[in-house]
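Student: what follows is a protein structure lacking sequence information:
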């Protein structure tokens, strides 16, 4: 059996937001963890989880420049930055549903929890990326938060990636 996640993805635009909904099933015989919330630093040794997604230009050699990527997971900015905090992950048991949605402000603007992203180019397509991993992490790390209590993230994981083909902007 493959360790590849298969999801149905739907995008819609409602007023001032672009919404991406995804749905699938954990077809593996073990637990998977799906990226859930991004983690943002509030300054020295203080973190917060953030609803939403990374929004950036999709820059890949030989690929059209009219694609924006929307990412739930651990991905660097398009400028030099320090290490990127891992997102939080939620478990999905074997046979369990992988369901979620993310809303990002529309018109789209570049955003990353670390800051430092280039302005978006005019885009006609969206590439959606969702990170996950299979099995248990080597350990969990706790980030302190003054506003919401401890935040747990996995350490020592082999990240996997679900990614759509570029989809037309709704």
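Tutor: Cool, got the structure. On a predicted model such as this, the values are computed, not experimentally measured, just so you know.
Student: report the strands that pair with the host helix or strand of residue 69, each with its relative direction.
Tutor: In the assignment (DSSP states H and E), residue 69 maps to strand 67-72. Looking at strand 67-72 with DSSP bridges, its partner strands are strand 54-57 (antiparallel), strand 125-134 (parallel).
Student: and it, how far from the chain's centre?
Tutor: 8 Å (C-alpha atoms, centre = their mean, to the nearest Å).
Student: and the helix or strand following it, what does it pack onto?
Tutor: Downstream of strand 67-72, the next assigned helix or strand under DSSP H and E is strand 88-92. Here strand 88-92 touches strand 32-43, strand 151-155, going by 3 or more C-beta pairs under 8 Å, 6 or more residues apart in numbering; DSSP states H and E. In short, each C-beta sits where N, CA and C put it, glycine included.
Student: report the angle between the first one and strand 125-134.
Tutor: Between strand 32-43 and strand 125-134, the angle comes out at 110 degrees (axes from the mean of the first three to the mean of the last three C-alpha atoms, to 10 degrees).
Student: and the next helix or strand along the chain from strand 32-43, what's buried?
Tutor: Under the assignment DSSP H and E, the closest C-terminal helix or strand after strand 32-43 is strand 46-50. By 16 or more other C-beta atoms under 10 Å, the buried positions in strand 46-50 come out as 47, 48, 49.
Student: beta partners of the nearest residue to the last one once chain neighbours are set aside?
Tutor: What it means is residue 49. Closest residue in space to residue 49, ignoring its immediate chain neighbours: residue 37 at 4.0 Å, by C-beta to C-beta, 6 or more residues apart in numbering. Here residue 37 sits in beta bridges with residue 88, as judged by DSSP bridges.
Student: residue 37 touches residue 51, doesn't it?
Tutor: Yes: counting by C-beta atoms under 8 Å, residue 51 is a contact partner of residue 37 at 6.4 Å.
Student: if we can go back for a sec, tell me the contacts of the residue nearest to residue 49?
Tutor: 49, 50, 51, 87, 88 (C-beta atoms under 8 Å, 6 or more residues apart in numbering).
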